[in-house]
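Engineer: need the 3D shape of this:
(2 chains)
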Amino acid sequence: AQKITQTQPGMFVQEKEAVTLDCTYDTSDPSYGLFWYKQPSSGEMIFLIYQGSYDQQNATEGRYSLNFQKARKSANLVISASQLGDSAMYFCAMREGLISSGSARQLTFGSGTQLTVLP
Amino acid sequence: EAQVTQNPRYLITVTGKKLTVTCSQNMNHEYMSWYRQDPGLGLRQIYYSMNVEVTDKGDVPEGYKVSRKEKRNFPLILESPSPNQTSLYFCASSSGQGTSPLHFGNGTRLTVT
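Structural biologist: Residues are numbered from 1 along each chain as shown, chains lettered A, B, ... in the order given. From the prediction side, this is the model:
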């Protein structure tokens, strides 16, 4: 079974509007973290935001926020006031076993969502 | 500047010709890892290292080797590359704490003909 599922291969949004990128995950571990990365056309991977499974509040970083619904196992990324520079591939990733050791450091990635911001 | 440096950025080679992609980080990170990115599959982990002389297989290790002789360096070795190893490769590092993000290099686009 897929551990991270991103069901939207491509999304379009008008400049200055908000957009939500979906991410659902599958784990039986009570201690895990969820990460979002941005990959522009130049190829580099840019870390955007992190949410821990025990965090009481949804994470926010500037125009990025995470809509974390633990019971539904979803961690959707919300980008407010979209800009042309937000056009990129976006990856959701999970790290399980934050308390345990060993392969707990691995990040498992989804297949990504290609976001295009329209002028 | 804190960074992960991998070289080369682009590499075209032929089947069977051994190659090495270098990776170096200047953040004193314990954890380093290699991923490959293929369309529709996201990033998949090849190998990782928890510290010097400690390495382990990820999800897709076949056809790859790694070594960690120094904390800062984590080269990826393809002893006999094949066309199915044509991909975009990323080296990444982190402090090893569960909440810390991976810091990625700029990627190496490898083509094996």
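Engineer: chain B contacts on chain A?
Structural biologist: Proximity of chain A to chain B is confined to A:4, A:9, A:31, A:33, A:35, A:37, A:43-45, A:47, A:50, A:52, A:91, A:93, A:95, A:97-99, A:103-112 under the rule CB under 8 Å from any CB of the partner chain. To be clear about C-beta, it is placed using only N, CA and C from the backbone, and glycine gets the same treatment.
Engineer: where does chain A dip in pLDDT?
Structural biologist: A:1, A:99-105 (pLDDT under 70).
Engineer: from it, which residue is nearest to chain B?
Structural biologist: residue A:98 (3.3 Å; CB to the nearest CB).
Engineer: just give me the residue closest to the centre of chain B.
Structural biologist: Geometric centre of chain B, nearest residue: residue B:34, 2.9 Å, by CA atoms, centre = their mean.
Engineer: that residue against residue B:93, yeah?
Structural biologist: No. Using CB atoms under 8 Å as the test, residue B:34 is too far from residue B:93 to be in contact (10.6 Å).
Engineer: identify the contacts common to these two.
Structural biologist: residue B:74 (CB atoms under 8 Å, 6 or more residues apart in numbering or on different chains).
Engineer: just the buried residues of the residues of chain A next to chain B.
Structural biologist: With burial judged by 16 or more other CB atoms under 10 Å in any protein chain shown, the buried subset of the residues of chain A next to chain B is A:4, A:31, A:33, A:35, A:37, A:43, A:45, A:47, A:50, A:52, A:91, A:93, A:95, A:97-98, A:104-112.
Engineer: so the residue in chain B that chain A sits nearest to versus residue B:82, what's the distance?
Structural biologist: Across chain B, the shortest distance to chain A (CB to the nearest CB) belongs to residue B:98, at 3.3 Å. Distance of residue B:98 to residue B:82, computed by CB to CB, to the nearest Å: 35 Å.
Engineer: how about residue A:114?
Structural biologist: According to CB to CB, residue A:114 and residue B:82 sit 28 Å apart.
Engineer: residue A:110 now?
Structural biologist: For residue A:110 relative to residue B:82 (CB to CB), the value is 27 Å.
Engineer: over to residue B:49?
Structural biologist: From residue B:49 across to residue B:82, the span is 24 Å (CB to CB).
Engineer: which one of those two has more residues nearby?
Structural biologist: More crowded of residue B:49 and residue B:82, by other CB atoms under 10 Å in any protein chain shown: residue B:49, with 21 against 11.
Engineer: run through the residues that contact that one.
Structural biologist: B:31, B:32, B:33, B:55, B:56, B:66, B:68, B:74.
Engineer: without its sequence neighbours, what residue ends up closest to the third one?
Structural biologist: To tie it back to what came earlier, the one meant is residue B:33. Using CB to CB, 6 or more residues apart in numbering or on different chains and skipping the chain neighbours, the partner closest in space to residue B:33 is residue B:48 (4.0 Å).
Engineer: same check on the fourth one?
Structural biologist: Counting by CB to CB, 6+ apart, residue B:55 lies nearest to residue B:49, which is 4.5 Å off, once chain neighbours are set aside.
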